[in-house]
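Peer 1: starting from these lines, generate the structure:
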Amino acid sequence: MNTTNANVAAVATDFMVEKSQTISPSATQQIKDRTAESREPTVSFSREEVMEMAEALNEYTEELHTNLGFSVREGANKQIVVEIKNTDTDETIKQFPPEELLEIKEKMSELVGLIFEVEV
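Peer 2: Sure thing, here's the model as predicted:
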């Protein structure tokens, strides 16, 4: 066995866990705590804040004399959609969230309606 294979075998042996071993509750809690720490906080904006940001970006791109423009619209289910467009051709360059994701979300909503009868 060459040195590389011996090193791999030694590492593999070090990380082997017998079936009878269990993870203690404190170790489980430590894993949960470290996972929670590593998550980045989510940021959400109101529709008005997104509109204000788009307007500010449009003013900035005008000062730079570019043909980029930002627009905000409501998609299906009142989803806020931000589009980056070529102002000369009105072509959408990028959209957030992407159209495919909006379609998937809509299909999932339909499926939930088929699986669960929910009346509000």
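Peer 1: check which element follows whatever helix or strand residue 51 lives in along the chain.
Peer 2: Remark: residue 51 resides in helix 47-63, with elements defined by DSSP states H and E. With elements assigned by DSSP H and E, the helix or strand that comes after helix 47-63 is strand 68-74.
Peer 1: just give the strands next to whichever helix or strand comes after that next one in its sheet, each with its orientation.
Peer 2: Past strand 68-74, further along toward the C-terminus, the next helix or strand under DSSP H and E is strand 80-86. Using DSSP bridges, strand 80-86 pairs in its sheet with strand 68-74 (antiparallel), strand 91-96 (antiparallel).
Peer 1: what mean pLDDT does the helix holding residue 51 get?
Peer 2: Mean pLDDT, helix 47-63: 91.
Peer 1: and that helix, what does it pack against?
Peer 2: Helix 47-63 sits against strand 68-74, strand 80-86, with contacts defined as 3 or more Cβ pairs under 8 Å, 6 or more residues apart in numbering; DSSP states H and E. To be clear about C-beta, it is placed using only N, CA and C from the backbone, and glycine gets the same treatment.
Peer 1: alright, calling it a day.
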